[in-house]
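Novice: what's the 3D shape of this:
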Amino acid sequence: MPTATVAGYLALLPIRKMPKAIDKRFVEYLLELTDGVTGRIIDVLRRAATHSLTLRSKTMGLEELQQVGARLPTIINQRA
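Specialist: Sure thing, here's the model as predicted:
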């Protein structure tokens, strides 16, 4: 999934984008968490954005993604 595609989806969310934060490492980690499944990618990005908004930071980067990723096995098991 290209960085531009992820950045495009993030543009739909009510968060400030950090262009330098949406880099190759961000995308690689996102794909690792989701196995490249589109529905999971969107779910993880939404959860990371929600987490960011909960903290009132309104920014999105690798750190927010990692915080959501730490809970990801629980999220996947809930869907089964």
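Novice: the strands in this protein, which residues?
Specialist: Shown for the chain, the strands assigned by DSSP state E span residues 16-17, 59-60.
Novice: Could you list the paired strands of the last one along with their orientation?
Specialist: In other words, strand 59-60. strand 16-17 (parallel) (DSSP bridges).
Novice: measure His51 to Gln67 for me?
Specialist: 6 Å (C-beta to C-beta, to the nearest Å). Where C-beta positions appear, they are placed from N, C-alpha and C, glycine not excepted.
Novice: circling back to that earlier point, tell me the most buried of the strands of the chain?
Specialist: strand 59-60 (a mean of 20; mean count of other C-beta atoms under 10 Å).
Novice: what does the average pLDDT come to for that strand?
Specialist: Strand 59-60 carries an average pLDDT of 80.
Novice: low-scoring stretches of this protein, by residue?
Specialist: Low-confidence segments of the chain (pLDDT under 70): 1-2, 17-20, 73-80.
Novice: Can you name every helix or strand that the longest helix that it contains contacts?
Specialist: Ranked by residue count and defined by DSSP state H, the top helix of the chain is helix 38-54. If contacts are counted by 3 or more C-beta pairs under 8 Å, 6 or more residues apart in numbering; DSSP states H and E, helix 38-54 sits against helix 3-10, helix 24-34, strand 59-60, helix 62-69, helix 72-79.
Novice: Appreciated, that's everything.
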